[in-house]
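Colleague: build the 3D model from these lines:
(chains A, B, C and D)
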Number of protein chains: 2
Amino acid sequence: MHQRPHLPGRPTPRQATDEKESALSSQRPTLADVAASAGVSVSTASLAFSGAGPIAAATRQRVLDAAQALGYAGPNPLGRQLRRGRSGIVGVIVGDALRRAFRDPVSIQVLDGITSTLGPMGLGVLLIAGPHDPTDPPVDPLVELAAMDVAVMMWGGTTDDPVLSALRRRGIPTVLVEGSRHPDISVIGIADRAGIADVTRQLLGLGHTRIATVTLPFTNDRSEGLVDAARLDALEWELTRRRLDGVFDAGVQPVAIWETPASLVEHGASAARALLAGPDRPTAVVCQSDLLAAGVVLGARELGLQVPQDVSVVGFDGLDLPWFKPDVLTSVAQPLAEKGRAVGREVARLLEGEPPQSLDLPVELVWGTTAGPAPTV
Amino acid sequence: MHQRPHLPGRPTPRQATDEKESALSSQRPTLADVAASAGVSVSTASLAFSGAGPIAAATRQRVLDAAQALGYAGPNPLGRQLRRGRSGIVGVIVGDALRRAFRDPVSIQVLDGITSTLGPMGLGVLLIAGPHDPTDPPVDPLVELAAMDVAVMMWGGTTDDPVLSALRRRGIPTVLVEGSRHPDISVIGIADRAGIADVTRQLLGLGHTRIATVTLPFTNDRSEGLVDAARLDALEWELTRRRLDGVFDAGVQPVAIWETPASLVEHGASAARALLAGPDRPTAVVCQSDLLAAGVVLGARELGLQVPQDVSVVGFDGLDLPWFKPDVLTSVAQPLAEKGRAVGREVARLLEGEPPQSLDLPVELVWGTTAGPAPTV
DNA sequence: CGTTCCAATCGAATCGATTCGACCACTCGC
DNA sequence: GCGAGTGGTCGAATCGATTCGATTGGAACG
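Modeller: Below you'll find the model as predicted:
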């Protein structure tokens, strides 16, 4: 693992200290080389690049020319970072393997909002996968080892999340997206519980009495199926619980609670196949995400049911799904990009040394074509 | 911008050098603090953490205990990185704003392959957006400034890409995904040209004579519509050209070439509306991606056409689109995750100091339900 | 009992920058 | 003509680790 031909990294430590520096200059040039070549001190050369301090235009140009001649592409970020005590990196931990996490447009849009806010601040996003494969270590080594000034956890997770405690141990300020309220941690959330309660009440107003609900995962173990009382007790994910509570808040006792292993169309479809096949099927299904809802609609159609004539379906997120056209999901829309931007702003605040501040964004009911009056039996 | 209350970063530079070190230890502890507290030298303390060298178990434990007591969470990555000359970071530049780039499952799956290969090697992925908004600077500042050991460009781009030259200037080894063959740069590609030629020949064999093709973007300017000779000359993206050449290779002169601004369902749909409305419509459409193909199918259905009875549609990528069920796109499947893994392996090679090595992965024809014999007129 | 050898430990150099305070000419104003 | 002020430059300390070579103590060996 050591004796490779010629690494870009550290070469042999025996540098010709008493030789002419530029003699064996196959190494990458440093600021010191540039300074020497320009005939100025290192500090002056630094000034030429950073612009932090007074410097004569001529000197500056001389340094820049020398840099050009030596093929020096600017100060080494590693040196700068060590000195500054900042890496300029924000670790973003997504709640799953990337290919699964990002099949959900929700994460993508939030991530886009985050990067577009952080970018102009000179911060980069380090992508870290969350816990997924049970054979993996519970926390990605990057969480323990990578340099980051702030961390963002893209899924609220549970309160005693090992990732969260690792970050805490390292003293890395953290922003939770849709987590549970935590005393000294920033949580950027949405009014999902109230939003779900609202849309559920609308369904009640339309005469629905047999209402089922299709939920996001309860825990990391990714199981699928009908939820009984025991399972309900085992619910760990705060997000799932909040949205479920929204249904309860409307005074509804669902005729069925179906847990899915991920927010994906196919899992909505299988939920539909299970829930809507029997004779006493529900007349409305409240889903905790739009992808699930879309899946339920597709599944219902497979069964020969019409939406919304035979069954109403509502989702959550307010996604724009081009392949769903001309139908439009009835859904509780959350401001996805704004959520990302809010995260970005909170990251900035933390970097400034401000205390954590949580925030709840509003949601908005979007009445589409997938929900309507309960069928008259 | 300077006088904030208490930053996590560098505080006041006036440290009590002649004081007791642990006196005003509100600062984060360093390895030196731990060493002092454990009564060993800094080098020994380092050994206790890195395990690189012989150390007595008892000593090691003493250091670890001291660290625990001080709340020292392990060596500061910044110091380590500077010393090692490596940041452990791989910059991945996606070809667009994240929200657009990642609406395409192709990028996501490749990215997943990359991270899952890089992760076990202790490397992290720094996400960098490619050029998208024309008002933005042509290269993201991160490309110029961020610390990275290797860069991956997720879209081949053009040969004289400004991002590529910036990386070159910085001397950062680079891996191109689906780029044009470059002498001293690693390119991980697929046999897309041959694959498209193959599927096009199949269409010929099925009696199709009027074949149109729907392409990926020609340039960064994101225009949409029929391509004339002038526009064909302006084609910059190598990827688009290769797949187009595949059609030509089969001896087909397309009755229409339609350029889309991105690989998205809706752009496929508008292509269909434009291409399939007239009386002399093509009987087959070759699309450069599956999302485009799916869009074409949906668009065709909107026009009242049946697929594949009235028009055959083939795609490229071999995606699994749950919402497209029970239909299955006829497509040229590429090994997406394997592509990502190949990128990861090549990154590893470059880090070892090996010379760049390019690679072409095979594709496989998947015959689905969206292509069939040409309609008998 | 004197060597030899090895494991364990330490000191010091080093990575590549930033930044503070000192210093040196100048110019300006009186 | 002299002190104050200032723009420009430099030296040196510093960030937090890693690592090489030297040193030490004790066990094994002849």
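Colleague: and the residue nearest the centre of chain A, how far from DNA strand C?
Modeller: The structure's chain A has its C-alpha centroid closest to A:Met154; by Cα atoms, centre = their mean the separation is 3.3 Å. The gap separating A:Met154 from DNA strand C is 31 Å, by Cβ to the nearest atom of the strand, to the nearest Å. In short, each C-beta sits where N, CA and C put it, glycine included.
Colleague: which residues touch that residue?
Modeller: Residues in contact with A:Met154 (Cβ atoms under 8 Å, 6 or more residues apart in numbering or on different chains) are A:92-95, A:101, A:107, A:110-111, A:130, A:177.
Colleague: same check on A:Val139?
Modeller: Contacts for A:Val139 (Cβ under 8 Å, 6+ apart) come out as A:131, A:162-163, A:166.
Colleague: same thing but 6 Å
Modeller: By Cβ atoms under 6 Å, 6 or more residues apart in numbering or on different chains, the contact set of A:Val139 is A:162-163, A:166.
Colleague: give me the buried entries from those.
Modeller: Buried members of the contacts of A:Val139, scored by 16 or more other Cβ atoms under 10 Å in any protein chain shown, are A:163, A:166.
Colleague: what about the residue in the stretch 251-377 of chain A positioned nearest to DNA strand C, neighbour count?
Modeller: Nearest residue of the stretch 251-377 of chain A to DNA strand C (Cβ to the nearest atom of the strand) works out as A:Leu351 at 14.7 Å. Per other Cβ atoms under 10 Å in any protein chain shown, the neighbour tally for A:Leu351 reads 21.
Colleague: equivalent analysis for the one 3 residues further on, please.
Modeller: A count of neighbours around A:Glu354, defined by other Cβ under 10 Å, yields 14.
Colleague: can you tell me the SS state at it?
Modeller: Under DSSP: H, G, I helix; E, B strand; the rest coil, the three-state class of A:Glu354 is coil.
Colleague: need the pLDDT of it.
Modeller: What the model reports as pLDDT for A:Glu354 is 92.
Colleague: can you check A:Asp18 too?
Modeller: pLDDT, A:Asp18: 38.
Colleague: so what's A:His182 closest to, chain neighbours aside?
Modeller: Leaving aside its sequence neighbours, A:His182 sits nearest to A:Leu176 (Cβ to Cβ, 6 or more residues apart in numbering or on different chains; 6.7 Å).
Colleague: and if you look at A:Met121?
Modeller: Nearest non-adjacent residue to A:Met121 (Cβ to Cβ, 6+ apart): A:Ala348, at 6.0 Å.
Colleague: dihedrals phi and psi, the nearest residue to A:Ala101 once chain neighbours are set aside?
Modeller: Distances taken as Cβ to Cβ, 6+ apart put A:Val94 closest to A:Ala101, at 4.1 Å, once the chain neighbours are dropped. Main-chain torsions, A:Val94, degrees, to the nearest 10: phi -90, psi 160.
Colleague: name all residues that make contact with A:Val94.
Modeller: A:101, A:130, A:154.
Colleague: dump these into TSV; add pLDDT and secondary structure as well.
Modeller: TSV is the format used below for those (pLDDT from 0 to 100; DSSP: H, G, I helix; E, B strand; the rest coil):
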residue	pLDDT	secondary structure
A:Ala101	86	helix
A:Gly130	83	coil
A:Met154	91	coil
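Colleague: can you list the domain ranges for chain A.
Modeller: A:1-85, A:86-190+A:336-361, A:192-334 (automatic domain parsing).
Colleague: and A:Asp136, what helix or strand is that in?
Modeller: For A:Asp136, there is no enclosing helix or strand under DSSP states H and E.
Colleague: so which of the contacts of A:Val139 sit within helices?
Modeller: A:162-163, A:166 (DSSP state H).
Colleague: distance check, A:Pro105 against chain B.
Modeller: Here the distance between A:Pro105 and chain B works out to 7 Å (Cβ to the nearest Cβ, to the nearest Å).
Colleague: which ones are touching that residue?
Modeller: A:Leu319.
Colleague: hmm, try it at 8 Å
Modeller: Residues in contact with A:Pro105 (Cβ under 8 Å, 6+ apart) are A:291, A:317, A:319, A:336, B:103.
Colleague: ok, these vs DNA strand D, which is closest?
Modeller: Nearest member of the contacts of A:Pro105 to DNA strand D, counting by Cβ to the nearest atom of the strand, is A:Leu336, at 37.6 Å.
Colleague: surely that closest one touches A:Ser107?
Modeller: No. Between A:Leu336 and A:Ser107 there is no contact under Cβ atoms under 8 Å: 9.3 Å.
Colleague: any chance you could map the helices in chain A?
Modeller: Along chain A, the segments classed as helices by DSSP H run A:31-38, A:42-50, A:57-70, A:77-84, A:98-101, A:105-118, A:141-145, A:162-170, A:192-205, A:229-233, A:238-249, A:265-275, A:290-302, A:336-351.
Colleague: thought A:Val252 was touching A:Leu204?
Modeller: Yes. A:Val252 is in contact with A:Leu204 according to Cβ under 8 Å; the separation is 6.9 Å.
Colleague: okay, these two: which has more neighbours?
Modeller: Taking neighbours as other Cβ under 10 Å, A:Val252 and A:Leu204 compare with A:Val252 leading, 22 against 15.
Colleague: quick check: that one vs A:Pro308, distance?
Modeller: 18 Å (Cβ to Cβ, to the nearest Å).
Colleague: quick one: neighbours of A:Thr209, just the number.
Modeller: 12.
Colleague: surely it meets A:Pro375?
Modeller: No. Under the criterion of Cβ under 8 Å, A:Thr209 is not in contact with A:Pro375, lying 11.2 Å apart.
Colleague: identify the contacts common to the two.
Modeller: Counting by Cβ under 8 Å, 6+ apart, the residues touching both A:Thr209 and A:Pro375 are A:Thr283.
Colleague: relative to A:Glu178, how far out is the nearest residue to A:Val125 once chain neighbours are set aside?
Modeller: Closest residue to A:Val125 apart from its sequence neighbours, by Cβ to Cβ, 6+ apart: B:Leu127 at 4.7 Å. As judged by Cβ to Cβ, B:Leu127 and A:Glu178 stand 20 Å apart.
Colleague: what do you get for A:Ser331?
Modeller: For A:Ser331, the distance to A:Glu178 (Cβ to Cβ) stands at 17 Å.
Colleague: so between these two, which is more surrounded?
Modeller: Higher neighbour count among A:Ser331 and A:Glu178: A:Ser331, with 28 against 23, using other Cβ under 10 Å.
Colleague: excluding residues flanking it in the chain, which one is nearest the more buried one?
Modeller: Nearest non-adjacent residue to A:Ser331, counting by Cβ to Cβ, 6+ apart: A:Gly315, 4.2 Å away.
Colleague: tell me the contacts of the one you found?
Modeller: Contacts for A:Gly315 (Cβ under 8 Å, 6+ apart) come out as A:287, A:289-294, A:329-332, A:370.
Colleague: got the contact list for the residue in the stretch 101-250 of chain A that DNA strand D sits nearest to?
Modeller: Nearest residue of the stretch 101-250 of chain A to DNA strand D: A:Leu145, at 10.0 Å (Cβ to the nearest atom of the strand). By Cβ under 8 Å, 6+ apart, A:Leu145 lies in contact with B:74, B:77, B:88, B:122.
Colleague: DNA strand C versus that one, what's the distance?
Modeller: From A:Leu145 to DNA strand C the distance is 17 Å (Cβ to the nearest atom of the strand).
Colleague: and the helices of chain A as CSV, adding distance to B:Asp233?
Modeller: Formatted as CSV, the helices of chain A follow (distance: least, Cβ to Cβ, whole Å):
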stretch, distance to B:Asp233
helix A:31-38, 44
helix A:42-50, 42
helix A:57-70, 35
helix A:77-84, 41
helix A:98-101, 38
helix A:105-118, 34
helix A:141-145, 46
helix A:162-170, 52
helix A:192-205, 52
helix A:229-233, 63
helix A:238-249, 52
helix A:265-275, 41
helix A:290-302, 42
helix A:336-351, 37
